[in-house]
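>>> Here you go, sequence then predicted model.
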Amino acid sequence: MELYSGSLYWDKTVEPSYRFEKVSEGKETQVLIAGGGISGTLCAYVLSALGMDVILAEKNKIGKGSSLASTGLLQYRSDKMLCELVDDIGEEQGRLFYRMCLEAMDQLTSLNESLGRATEYRSIDSLYYASEKKDVKKLVREYEFLRKYDFPVEFLDEDQLKRRYRIHKPCALRTWHDADVNPYGLIQALTRKNMAQGVHYFENTELDLDNIQSNKIITKEGYPIQFEHLILTTGYSKIYPIIKDKIIIRRTYAFCSKPMRDDLWKDNVMVWETKNPYLYFRTTMDHRIIGGGLDEDQKELELDGEKILIKAKSIAGQIETIFPNLDIQIDDAWNALFYGSKDGIPFIGKDPVQGNRYYLLGYEGNGMCYSMAGALILKDYILGKPNVYKDIVRMDRGM
Ligand SMILES: Cc1cc2nc3c(=O)[nH]c(=O)nc-3n(C[C@H](O)[C@H](O)[C@H](O)COP(=O)(O)OP(=O)(O)OC[C@H]3O[C@@H](n4cnc5c(N)ncnc54)[C@H](O)[C@@H]3O)c2cc1C
(Lines give C-alpha, C1' and ligand atoms only; values in the text may rest on other atoms or scores of the structure.)
Protein backbone atom coordinates (compact mmCIF):
# COMPACT_ATOMS: atom_id res chain seq x y z
CA MET A 1 0.00 0.00 0.00
CA GLU A 2 1.43 3.37 -1.05
CA LEU A 3 1.26 6.04 1.64
CA TYR A 4 2.35 9.05 -0.36
CA SER A 5 3.00 10.24 -3.88
CA GLY A 6 4.82 13.13 -5.53
CA SER A 7 8.23 14.58 -4.83
CA LEU A 8 9.22 14.42 -1.15
CA TYR A 9 11.84 16.56 0.56
CA TRP A 10 13.46 14.92 3.61
CA ASP A 11 15.05 12.01 1.80
CA LYS A 12 17.11 14.51 -0.22
CA THR A 13 18.63 16.00 2.93
CA VAL A 14 20.37 12.99 4.45
CA GLU A 15 21.69 9.61 3.28
CA PRO A 16 21.45 6.64 5.63
CA SER A 17 24.82 5.47 6.90
CA TYR A 18 23.58 1.89 7.38
CA ARG A 19 21.91 -0.92 5.50
CA PHE A 20 20.32 -3.87 7.17
CA GLU A 21 19.92 -7.49 6.03
CA LYS A 22 16.55 -9.15 5.76
CA VAL A 23 15.59 -11.92 8.19
CA SER A 24 16.83 -15.15 6.59
CA GLU A 25 16.59 -17.61 9.50
CA GLY A 26 14.47 -18.11 12.60
CA LYS A 27 14.98 -15.53 15.38
CA GLU A 28 14.14 -15.14 19.04
CA THR A 29 13.86 -11.92 21.04
CA GLN A 30 12.39 -10.37 24.14
CA VAL A 31 10.68 -7.53 22.21
CA LEU A 32 9.82 -7.58 18.52
CA ILE A 33 8.88 -4.24 16.94
CA ALA A 34 7.03 -4.31 13.61
CA GLY A 35 7.78 -1.14 11.63
CA GLY A 36 10.74 1.21 11.41
CA GLY A 37 9.09 4.65 11.33
CA ILE A 38 9.33 7.21 14.10
CA SER A 39 7.07 5.12 16.39
CA GLY A 40 9.08 1.91 16.09
CA THR A 41 12.36 3.81 16.33
CA LEU A 42 11.32 5.57 19.55
CA CYS A 43 10.05 2.32 21.08
CA ALA A 44 13.34 0.62 20.20
CA TYR A 45 15.22 3.49 21.81
CA VAL A 46 13.22 3.51 25.06
CA LEU A 47 13.30 -0.28 25.52
CA SER A 48 16.92 -0.88 24.51
CA ALA A 49 17.97 1.90 26.91
CA LEU A 50 16.58 -0.36 29.65
CA GLY A 51 18.79 -3.21 28.44
CA MET A 52 15.99 -5.15 26.75
CA ASP A 53 16.73 -7.45 23.83
CA VAL A 54 14.98 -5.80 20.83
CA ILE A 55 14.52 -6.77 17.19
CA LEU A 56 13.03 -4.18 14.82
CA ALA A 57 11.73 -5.57 11.52
CA GLU A 58 10.82 -3.19 8.69
CA LYS A 59 9.11 -4.38 5.52
CA ASN A 60 10.82 -1.77 3.33
CA LYS A 61 13.52 0.70 4.40
CA ILE A 62 13.82 2.36 7.79
CA GLY A 63 12.11 5.74 7.95
CA LYS A 64 10.47 5.63 4.53
CA GLY A 65 6.86 5.21 5.64
CA SER A 66 4.58 8.13 6.54
CA SER A 67 7.33 9.59 8.70
CA LEU A 68 9.11 10.62 5.51
CA ALA A 69 6.05 12.55 4.32
CA SER A 70 5.65 14.37 7.63
CA THR A 71 6.17 18.11 7.76
CA GLY A 72 7.98 17.83 11.09
CA LEU A 73 6.06 20.18 13.37
CA LEU A 74 6.19 18.95 16.95
CA GLN A 75 3.63 20.52 19.25
CA TYR A 76 2.08 19.70 22.59
CA ARG A 77 -1.29 21.11 21.50
CA SER A 78 -3.22 18.77 19.25
CA ASP A 79 -5.86 19.19 16.55
CA LYS A 80 -8.37 18.55 19.29
CA MET A 81 -8.37 21.57 21.58
CA LEU A 82 -8.14 21.06 25.32
CA CYS A 83 -11.54 22.77 25.71
CA GLU A 84 -13.05 20.27 23.24
CA LEU A 85 -11.52 17.37 25.15
CA VAL A 86 -12.99 18.78 28.35
CA ASP A 87 -16.44 18.64 26.72
CA ASP A 88 -15.88 15.12 25.37
CA ILE A 89 -13.97 13.21 28.03
CA GLY A 90 -14.04 15.54 31.05
CA GLU A 91 -11.71 18.12 32.48
CA GLU A 92 -9.36 15.78 34.31
CA GLN A 93 -8.87 13.38 31.39
CA GLY A 94 -8.40 16.30 29.00
CA ARG A 95 -5.81 17.87 31.28
CA LEU A 96 -3.98 14.54 31.55
CA PHE A 97 -3.95 14.06 27.78
CA TYR A 98 -2.39 17.50 27.26
CA ARG A 99 0.06 16.84 30.11
CA MET A 100 1.06 13.59 28.36
CA CYS A 101 1.83 15.54 25.17
CA LEU A 102 3.78 18.26 26.98
CA GLU A 103 5.91 15.64 28.73
CA ALA A 104 6.48 13.89 25.40
CA MET A 105 7.68 17.19 23.90
CA ASP A 106 10.12 17.68 26.75
CA GLN A 107 11.39 14.10 26.26
CA LEU A 108 11.87 14.74 22.55
CA THR A 109 13.80 17.91 23.29
CA SER A 110 16.21 16.26 25.69
CA LEU A 111 16.60 13.23 23.41
CA ASN A 112 17.44 15.48 20.47
CA GLU A 113 20.02 17.34 22.51
CA SER A 114 21.91 14.04 22.72
CA LEU A 115 21.64 13.31 18.99
CA GLY A 116 23.55 16.21 17.44
CA ARG A 117 22.69 18.53 14.57
CA ALA A 118 21.61 15.93 12.02
CA THR A 119 18.07 15.94 13.40
CA GLU A 120 17.73 19.70 12.64
CA TYR A 121 15.67 19.89 15.83
CA ARG A 122 14.88 23.44 16.93
CA SER A 123 12.82 24.49 19.92
CA ILE A 124 10.41 26.90 18.25
CA ASP A 125 7.18 28.55 19.36
CA SER A 126 3.84 27.94 17.66
CA LEU A 127 1.18 30.47 16.74
CA TYR A 128 -2.38 29.21 16.48
CA TYR A 129 -4.50 31.98 15.06
CA ALA A 130 -8.26 32.48 14.84
CA SER A 131 -9.09 32.19 11.14
CA GLU A 132 -12.25 34.23 11.60
CA LYS A 133 -13.74 36.57 14.20
CA LYS A 134 -16.25 33.91 15.21
CA ASP A 135 -13.38 31.70 16.45
CA VAL A 136 -12.15 34.26 19.00
CA LYS A 137 -14.52 33.08 21.71
CA LYS A 138 -13.30 29.52 21.31
CA LEU A 139 -9.65 30.56 21.48
CA VAL A 140 -10.33 32.56 24.64
CA ARG A 141 -11.93 29.47 26.20
CA GLU A 142 -8.97 27.34 25.10
CA TYR A 143 -6.57 29.87 26.58
CA GLU A 144 -8.42 29.84 29.90
CA PHE A 145 -8.23 26.06 30.22
CA LEU A 146 -4.55 26.00 29.23
CA ARG A 147 -3.75 28.75 31.76
CA LYS A 148 -5.77 27.07 34.48
CA TYR A 149 -3.47 24.05 34.26
CA ASP A 150 -0.21 25.96 33.72
CA PHE A 151 0.38 24.93 30.13
CA PRO A 152 2.83 27.24 28.35
CA VAL A 153 0.56 29.65 26.49
CA GLU A 154 0.10 33.35 25.83
CA PHE A 155 -2.95 35.06 24.36
CA LEU A 156 -2.25 37.64 21.64
CA ASP A 157 -5.03 39.99 20.66
CA GLU A 158 -5.37 41.43 17.16
CA ASP A 159 -3.09 44.33 17.89
CA GLN A 160 -0.35 42.30 19.59
CA LEU A 161 -0.42 39.75 16.78
CA LYS A 162 -0.01 42.49 14.20
CA ARG A 163 2.77 44.33 16.06
CA ARG A 164 4.81 41.30 17.07
CA TYR A 165 4.34 38.95 14.12
CA ARG A 166 2.88 41.13 11.34
CA ILE A 167 -0.04 38.73 11.10
CA HIS A 168 -3.45 40.28 10.50
CA LYS A 169 -5.86 37.90 12.20
CA PRO A 170 -8.37 38.38 15.03
CA CYS A 171 -6.17 36.79 17.74
CA ALA A 172 -3.79 33.88 18.38
CA LEU A 173 -2.35 31.61 21.02
CA ARG A 174 1.42 31.44 21.29
CA THR A 175 2.69 28.19 22.79
CA TRP A 176 6.19 27.03 23.57
CA HIS A 177 7.89 23.70 24.45
CA ASP A 178 7.21 23.02 20.75
CA ALA A 179 9.82 22.25 18.07
CA ASP A 180 10.44 21.57 14.42
CA VAL A 181 12.58 18.74 13.13
CA ASN A 182 13.83 16.84 10.11
CA PRO A 183 11.92 13.60 10.79
CA TYR A 184 14.12 11.48 8.53
CA GLY A 185 17.26 12.93 10.13
CA LEU A 186 15.81 12.16 13.56
CA ILE A 187 15.02 8.56 12.64
CA GLN A 188 18.50 8.03 11.23
CA ALA A 189 20.33 9.55 14.19
CA LEU A 190 18.19 7.55 16.58
CA THR A 191 18.70 4.36 14.59
CA ARG A 192 22.46 4.76 15.01
CA LYS A 193 21.98 5.30 18.73
CA ASN A 194 19.72 2.26 18.92
CA MET A 195 22.30 0.12 17.13
CA ALA A 196 24.85 1.19 19.75
CA GLN A 197 22.31 0.21 22.42
CA GLY A 198 22.12 -3.28 20.90
CA VAL A 199 18.91 -3.16 18.81
CA HIS A 200 18.95 -5.75 15.99
CA TYR A 201 17.57 -4.23 12.77
CA PHE A 202 16.16 -5.97 9.72
CA GLU A 203 14.92 -4.28 6.55
CA ASN A 204 12.97 -5.76 3.62
CA THR A 205 11.34 -8.04 6.17
CA GLU A 206 7.56 -8.07 6.04
CA LEU A 207 5.85 -9.68 9.01
CA ASP A 208 2.63 -11.57 8.41
CA LEU A 209 0.34 -9.43 10.55
CA ASP A 210 -2.77 -11.48 9.72
CA ASN A 211 -1.41 -14.61 11.39
CA ILE A 212 0.12 -13.54 14.66
CA GLN A 213 0.44 -16.34 17.21
CA SER A 214 0.74 -15.76 20.94
CA ASN A 215 4.56 -15.78 20.93
CA LYS A 216 5.48 -16.14 17.28
CA ILE A 217 5.10 -14.36 13.95
CA ILE A 218 6.28 -15.48 10.53
CA THR A 219 7.97 -13.28 7.97
CA LYS A 220 6.43 -13.23 4.48
CA GLU A 221 9.43 -15.37 3.45
CA GLY A 222 8.50 -17.98 6.03
CA TYR A 223 10.99 -17.42 8.87
CA PRO A 224 9.59 -17.51 12.41
CA ILE A 225 10.42 -14.86 15.00
CA GLN A 226 9.68 -15.84 18.62
CA PHE A 227 8.99 -12.99 21.02
CA GLU A 228 7.90 -12.30 24.57
CA HIS A 229 6.34 -8.95 23.58
CA LEU A 230 5.20 -7.74 20.18
CA ILE A 231 4.83 -4.01 19.41
CA LEU A 232 2.93 -3.06 16.25
CA THR A 233 4.05 0.32 14.93
CA THR A 234 2.93 -0.14 11.36
CA GLY A 235 1.47 3.36 10.87
CA TYR A 236 -1.28 3.69 8.29
CA SER A 237 -0.31 0.54 6.36
CA LYS A 238 -2.56 -1.79 8.29
CA ILE A 239 -6.01 -1.21 9.75
CA TYR A 240 -6.38 -3.57 12.70
CA PRO A 241 -9.87 -5.01 13.38
CA ILE A 242 -9.93 -3.50 16.88
CA ILE A 243 -10.01 0.08 15.50
CA LYS A 244 -11.49 -0.34 12.05
CA ASP A 245 -14.74 1.48 12.91
CA LYS A 246 -13.02 4.23 14.86
CA ILE A 247 -10.80 5.85 12.25
CA ILE A 248 -11.05 8.58 9.64
CA ILE A 249 -8.93 8.45 6.49
CA ARG A 250 -8.04 11.61 4.57
CA ARG A 251 -5.74 12.78 1.85
CA THR A 252 -3.52 15.72 2.62
CA TYR A 253 -1.08 17.89 0.66
CA ALA A 254 2.27 19.45 1.50
CA PHE A 255 5.14 21.25 -0.17
CA CYS A 256 8.67 22.44 0.45
CA SER A 257 9.89 25.67 -1.14
CA LYS A 258 13.25 26.51 -2.62
CA PRO A 259 15.64 28.15 -0.11
CA MET A 260 14.57 31.75 0.53
CA ARG A 261 16.01 34.61 2.54
CA ASP A 262 17.05 34.02 6.16
CA ASP A 263 14.57 36.40 7.86
CA LEU A 264 11.31 34.90 6.68
CA TRP A 265 9.27 35.91 9.69
CA LYS A 266 9.77 36.60 13.37
CA ASP A 267 11.39 33.75 15.31
CA ASN A 268 10.54 31.23 12.57
CA VAL A 269 7.38 30.44 14.52
CA MET A 270 5.28 27.51 13.34
CA VAL A 271 1.89 28.78 12.25
CA TRP A 272 -1.51 27.08 12.10
CA GLU A 273 -5.13 28.08 12.45
CA THR A 274 -8.61 27.25 13.72
CA LYS A 275 -10.19 26.61 10.30
CA ASN A 276 -10.84 23.00 9.31
CA PRO A 277 -9.06 21.74 7.26
CA TYR A 278 -6.33 24.04 8.43
CA LEU A 279 -3.34 25.67 6.82
CA TYR A 280 -0.01 25.16 8.58
CA PHE A 281 3.57 26.12 7.83
CA ARG A 282 7.10 26.31 9.19
CA THR A 283 10.61 27.12 8.04
CA THR A 284 13.70 24.90 7.76
CA MET A 285 17.27 25.52 8.83
CA ASP A 286 18.24 26.37 5.24
CA HIS A 287 15.41 28.93 5.02
CA ARG A 288 12.83 26.98 3.09
CA ILE A 289 9.13 27.05 3.85
CA ILE A 290 7.26 23.81 4.40
CA GLY A 291 3.50 24.08 4.35
CA GLY A 292 0.53 21.76 4.32
CA GLY A 293 -3.22 21.50 4.37
CA LEU A 294 -6.19 21.17 1.98
CA ASP A 295 -7.19 17.83 3.49
CA GLU A 296 -9.80 15.95 1.48
CA ASP A 297 -12.18 13.13 2.34
CA GLN A 298 -10.39 10.73 -0.01
CA LYS A 299 -8.98 7.30 0.74
CA GLU A 300 -6.75 7.22 -2.32
CA LEU A 301 -3.68 9.13 -3.31
CA GLU A 302 -3.61 11.75 -6.03
CA LEU A 303 -1.10 10.39 -8.54
CA ASP A 304 -1.18 13.22 -11.08
CA GLY A 305 1.91 15.38 -10.50
CA GLU A 306 0.28 18.44 -12.11
CA LYS A 307 -2.70 18.27 -9.77
CA ILE A 308 -0.42 17.85 -6.75
CA LEU A 309 1.52 20.94 -7.83
CA ILE A 310 -1.68 22.96 -8.21
CA LYS A 311 -2.63 22.07 -4.62
CA ALA A 312 0.86 22.97 -3.40
CA LYS A 313 0.63 26.35 -5.14
CA SER A 314 -2.72 26.93 -3.53
CA ILE A 315 -1.24 26.27 -0.05
CA ALA A 316 1.70 28.54 -0.86
CA GLY A 317 -0.78 31.20 -2.01
CA GLN A 318 -2.59 31.01 1.33
CA ILE A 319 0.73 31.54 3.14
CA GLU A 320 1.40 34.57 0.92
CA THR A 321 -1.87 36.09 2.06
CA ILE A 322 -0.55 35.91 5.65
CA PHE A 323 2.90 37.24 4.69
CA PRO A 324 2.36 39.21 1.44
CA ASN A 325 6.07 40.02 1.05
CA LEU A 326 6.88 36.36 0.29
CA ASP A 327 7.26 34.99 -3.22
CA ILE A 328 7.24 31.22 -2.65
CA GLN A 329 8.84 29.01 -5.29
CA ILE A 330 8.01 25.35 -4.86
CA ASP A 331 10.74 22.71 -4.96
CA ASP A 332 8.84 19.60 -3.84
CA ALA A 333 5.13 18.86 -3.65
CA TRP A 334 3.50 15.71 -2.37
CA ASN A 335 0.26 14.25 -1.10
CA ALA A 336 -0.24 11.51 1.45
CA LEU A 337 -2.84 9.48 3.24
CA PHE A 338 -3.43 10.62 6.75
CA TYR A 339 -5.38 8.77 9.44
CA GLY A 340 -7.28 10.29 12.31
CA SER A 341 -9.47 8.84 15.03
CA LYS A 342 -13.14 9.69 15.54
CA ASP A 343 -12.45 11.08 19.02
CA GLY A 344 -9.22 12.89 18.08
CA ILE A 345 -7.11 10.69 20.37
CA PRO A 346 -4.42 8.24 19.17
CA PHE A 347 -4.55 4.47 19.69
CA ILE A 348 -1.87 3.29 22.07
CA GLY A 349 -1.96 0.26 24.31
CA LYS A 350 -2.34 -3.41 24.90
CA ASP A 351 -4.44 -5.77 22.86
CA PRO A 352 -7.46 -6.62 25.05
CA VAL A 353 -7.14 -10.34 24.23
CA GLN A 354 -3.41 -10.94 23.73
CA GLY A 355 -1.70 -9.44 26.78
CA ASN A 356 1.79 -9.40 25.23
CA ARG A 357 0.73 -7.55 22.05
CA TYR A 358 0.80 -3.76 21.93
CA TYR A 359 -0.09 -1.06 19.41
CA LEU A 360 1.38 2.39 18.94
CA LEU A 361 -0.74 4.09 16.28
CA GLY A 362 -0.17 7.82 16.61
CA TYR A 363 -3.11 8.82 14.41
CA GLU A 364 -3.96 12.55 14.18
CA GLY A 365 -2.01 15.71 13.39
CA ASN A 366 0.76 15.56 15.92
CA GLY A 367 1.43 11.88 15.46
CA MET A 368 5.14 12.17 16.22
CA CYS A 369 4.52 13.67 19.64
CA TYR A 370 2.17 10.73 20.25
CA SER A 371 4.92 8.35 19.10
CA MET A 372 7.10 9.60 21.95
CA ALA A 373 4.27 9.49 24.49
CA GLY A 374 3.30 6.02 23.27
CA ALA A 375 6.82 4.60 23.55
CA LEU A 376 6.82 5.61 27.23
CA ILE A 377 3.35 4.17 27.84
CA LEU A 378 4.26 0.84 26.21
CA LYS A 379 7.45 0.69 28.27
CA ASP A 380 5.30 0.87 31.42
CA TYR A 381 2.98 -1.86 30.13
CA ILE A 382 5.95 -4.13 29.49
CA LEU A 383 7.51 -3.38 32.87
CA GLY A 384 4.12 -3.88 34.57
CA LYS A 385 4.19 -0.34 35.95
CA PRO A 386 1.19 1.96 36.38
CA ASN A 387 0.77 4.82 33.92
CA VAL A 388 -1.76 7.63 34.38
CA TYR A 389 -2.21 8.16 30.64
CA LYS A 390 -2.83 4.66 29.41
CA ASP A 391 -6.59 4.57 29.93
CA ILE A 392 -7.17 7.71 27.86
CA VAL A 393 -5.51 6.28 24.73
CA ARG A 394 -6.27 2.59 25.20
CA MET A 395 -7.29 0.53 22.19
CA ASP A 396 -10.71 -0.62 23.41
CA ARG A 397 -11.99 2.72 24.72
CA GLY A 398 -15.55 3.62 23.82
CA MET A 399 -16.25 6.47 21.43
C1 LIG B 1 1.70 14.92 4.94
C2 LIG B 1 1.83 14.59 6.40
C3 LIG B 1 2.27 15.56 7.27
C4 LIG B 1 2.42 15.26 8.61
N5 LIG B 1 2.91 16.22 9.42
C6 LIG B 1 3.12 15.94 10.73
C7 LIG B 1 3.68 16.92 11.57
O8 LIG B 1 4.00 18.03 11.16
N9 LIG B 1 3.88 16.59 12.88
C10 LIG B 1 3.54 15.34 13.37
O11 LIG B 1 3.74 15.11 14.57
N12 LIG B 1 3.00 14.40 12.58
C13 LIG B 1 2.79 14.67 11.27
N14 LIG B 1 2.26 13.71 10.45
C15 LIG B 1 1.92 12.41 11.03
C16 LIG B 1 3.20 11.60 11.18
O17 LIG B 1 3.88 11.59 9.95
C18 LIG B 1 2.85 10.20 11.60
O19 LIG B 1 2.11 10.22 12.80
C20 LIG B 1 4.10 9.39 11.87
O21 LIG B 1 5.04 9.53 10.84
C22 LIG B 1 3.74 7.94 12.01
O23 LIG B 1 4.93 7.24 12.27
P24 LIG B 1 4.87 5.67 12.35
O25 LIG B 1 6.21 5.19 12.74
O26 LIG B 1 3.73 5.30 13.24
O27 LIG B 1 4.46 5.23 10.89
P28 LIG B 1 5.41 5.07 9.59
O29 LIG B 1 6.42 6.14 9.49
O30 LIG B 1 4.50 4.87 8.42
O31 LIG B 1 6.17 3.72 9.88
C32 LIG B 1 5.49 2.49 9.88
C33 LIG B 1 6.44 1.50 9.25
O34 LIG B 1 5.89 0.18 9.39
C35 LIG B 1 6.29 -0.56 8.27
N36 LIG B 1 5.43 -1.73 8.15
C37 LIG B 1 4.13 -1.76 7.80
N38 LIG B 1 3.69 -3.03 7.76
C39 LIG B 1 4.73 -3.81 8.11
C40 LIG B 1 4.89 -5.22 8.23
N41 LIG B 1 3.89 -6.06 7.97
N42 LIG B 1 6.10 -5.71 8.59
C43 LIG B 1 7.14 -4.86 8.84
N44 LIG B 1 7.03 -3.51 8.71
C45 LIG B 1 5.84 -3.00 8.36
C46 LIG B 1 6.12 0.44 7.12
O47 LIG B 1 6.87 0.06 5.98
C48 LIG B 1 6.63 1.72 7.75
O49 LIG B 1 8.01 1.96 7.49
C50 LIG B 1 2.10 13.98 9.10
C51 LIG B 1 1.65 13.00 8.22
C52 LIG B 1 1.52 13.29 6.88
C53 LIG B 1 1.08 12.21 5.96
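Received, thanks. Residues are numbered from 1 along each chain as shown.

>>> Could you show which parts of the stretch 1-150 of the chain are in contact with the ligand?
34-40, 57-60, 64-67, 69-74 (C-beta under 6 Å from any ligand atom). (Each C-beta comes from the backbone N, C-alpha and C, glycine too.)

>>> Separate out the buried members of the residues you listed.
34-40, 57-59, 64-67, 69-74 (16 or more other C-beta atoms under 10 Å).

>>> Among those residues, which ones are in strands?
With strands defined by DSSP state E, the entries of these inside them are 34, 57, 73-74.

>>> Could you identify the longest helix within the chain?
When the chain is parsed with DSSP state H, its longest helix is helix 91-113.

>>> quick one: contacts of that one?
Residues outside helix 91-113 that contact it (C-beta atoms under 8 Å, 6 or more residues apart in numbering) are 45, 74-78, 82, 85-86, 88-89, 119, 121, 123, 145-146, 149, 151-152, 177-179, 181, 186, 190, 345, 366, 368-370, 372-373, 376, 388-389, 392-393.

>>> Could I have the ChimeraX command that selects the buried members from those residues?
To isolate the buried members of those in ChimeraX, using 16+ other C-beta under 10 Å:
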select :45,74,75,76,77,78,82,85,86,89,119,121,145,146,149,151,152,177,178,179,181,186,190,345,366,368,369,370,372,373,376,389,392,393
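
>>> Looking at the contacts of helix 91-113, which are in strands?
Among the contacts of helix 91-113, DSSP E puts 74, 123, 179 in strands.

>>> out of those, who's nearest the ligand?
Ranked by distance to the ligand (C-beta to the nearest ligand atom), the ones in strands among the contacts of helix 91-113 are led by L74 at 5.8 Å.

>>> Contact partners for the closest one?
The contact partners of L74, by C-beta under 8 Å, 6+ apart, come to 105, 108, 178-181, 366, 368-369.

>>> Make a markdown table from those residues and add pLDDT to it.
Output for these, formatted as a markdown table (pLDDT from 0 to 100):
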| residue | pLDDT |
| --- | --- |
| M105 | 98 |
| L108 | 98 |
| D178 | 98 |
| A179 | 98 |
| D180 | 98 |
| V181 | 98 |
| N366 | 90 |
| M368 | 97 |
| C369 | 98 |
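
>>> Would you quantify the distance from the residue in the stretch 251-399 of the chain positioned nearest to the ligand to Y223?
Using C-beta to the nearest ligand atom, the single residue of the stretch 251-399 of the chain nearest to the ligand is G367, 1.8 Å away. Taking C-beta to C-beta, to the nearest Å as the measure, G367 falls 30 Å from Y223.

>>> Looking at the two, which is more packed in?
Between G367 and Y223, G367 has the larger neighbour count (other C-beta atoms under 10 Å), namely 24 against 16.

>>> OK, contacts around the more buried one?
Counting by C-beta under 8 Å, 6+ apart, G367 makes contact with 38, 66, 70, 346.

>>> I'd like to know which of these is nearest to K275.
S70 (20.9 Å; C-beta to C-beta).

>>> ok, the closest one - contacts?
10, 38, 183, 367-368.

>>> So what touches the helix or strand harbouring D159?
For D159, the host element (DSSP states H and E) is helix 158-165. Outside helix 158-165, the residues that touch it by C-beta under 8 Å, 6+ apart are 127, 129, 156, 167-172, 265-266, 269.

>>> How about stretch 203-216?
With contacts defined as C-beta under 8 Å, 6+ apart, stretch 203-216 is touched by 19-23, 34, 36, 57-62, 217-221, 224-228, 230, 232, 234, 238, 354, 356-357.

>>> Buried only: go through those residues for me.
Listed as buried from those are 20, 22-23, 34, 36, 57-59, 62, 217-219, 225, 227, 230, 232, 234, 356-357; burial here means 16+ other C-beta under 10 Å.

>>> Among the residues you listed, name the ones in helices.
Per DSSP H, helices hold no members of those.

>>> In strands only, show me these.
Reading strands off those with DSSP E, I get 34, 57, 217-218, 225, 227, 230, 232, 357.

>>> so the nearest residue to D297 once chain neighbours are set aside is in which element?
Take D297 and drop its neighbours on the chain: the residue closest to it by C-beta to C-beta, 6 or more residues apart in numbering is R250, 6.2 Å away. Using DSSP H and E, R250 sits within strand 247-257.
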